[in-house]
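# Structure for this input, please:
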Amino acid sequence: MTEASRGTGVTVKAVPSGYPMGSEKQLIQQLTGIEIPAHSRAADSGILVHNVATAYAVAMAIYQDQPLISRIVTLSGGAVTHPGNWEVPLGTLASEFLNRASGFDTKPARLLMGGPMMGIELLDLHVPIIKGSSGILALTEQEISHKQSSPCVRCSRCVRACPMG
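Below is the predicted model:
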């Protein structure tokens, strides 16, 4: 038990490093041993998972009477002058945030809102930071893979190796 959870009825557990450990279903299985069935939600099994940003927003709303007005946004990638985590007011345009926070060492070859696996490409920086904005990646040409994917031969080995099943 950690000091943060003492007397709360909440259990805090360390999660081992592993990729992709950020998925809700993998976290639940790792921490509880419960496997969430396909096509169902964790709540159907009596489990709720919240990320740190949501927990923080709830605490601020309950204890400080402060609505969700900003978001911590991670700025990273080889084209960024000063990578880091920044508190950004909701509604701020990505272009304004990038100009104030860092700027670029080089022109990015690709800009992504979100992470490298599930992020969406930003073709225009005149988009606002919203409550779901977690990060902006400014990738250089060297950071982008240009390999052609090989054809699938339907061996299903990937299914056995995939943590999502």
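
# and the next element down the chain from the longest helix seen in the chain?
The residue-count maximum for a helix in the chain (DSSP state H) belongs to helix 52-64. Sequence-wise, the next helix or strand downstream of helix 52-64 (DSSP states H and E) is strand 70-76.

# Which strands or helices does that next one pack on?
Counting contacts by 3 or more Cβ pairs under 8 Å, 6 or more residues apart in numbering; DSSP states H and E, strand 70-76 is packed against strand 84-89, helix 94-101, strand 135-139. All C-beta spots, glycine's among them, are computed from the backbone N, C-alpha and C.

# Please enumerate residues in contact with the second one?
Read that as helix 94-101. 73, 75, 82, 84, 86, 88, 104, 113, 122, 125-129, 136, 138 (Cβ atoms under 8 Å, 6 or more residues apart in numbering).

# Check the last one too.
The list of residues contacting strand 135-139 from outside it, by Cβ under 8 Å, 6+ apart, reads 73-80, 94, 97-98, 104, 108-116, 119, 122.

# Among those residues, name the buried ones.
Among those, those classed as buried by 16 or more other Cβ atoms under 10 Å are 73, 75-80, 94, 97-98, 104, 108, 110-114, 119, 122.

# Disregarding residues adjacent in the polypeptide, which is nearest to residue 77?
residue 138 (3.9 Å; Cβ to Cβ, 6 or more residues apart in numbering).

# beta partners for the one you found?
residue 111 (DSSP bridges).

# Find me the pLDDT at it, would you?
Predicted confidence (pLDDT) for residue 138: 92.

# try residue 22
Value listed for residue 22 in the pLDDT field: 67.

# Kindly report the same for the one 3 residues further on.
According to the model's per-residue confidence, residue 25 sits at a pLDDT of 83.

# Residue 80 now?
92.

# okay but it is in contact with residue 105, surely?
Yes: using Cβ atoms under 8 Å, residue 80 is in contact with residue 105, at 7.1 Å.

# give me the number of residues near the residue nearest to residue 116 when sequence neighbours are not counted?
Leaving aside its sequence neighbours, residue 116 sits nearest to residue 137 (Cβ to Cβ, 6+ apart; 6.3 Å). For residue 137, the count of nearby residues is 24 (other Cβ atoms under 10 Å).
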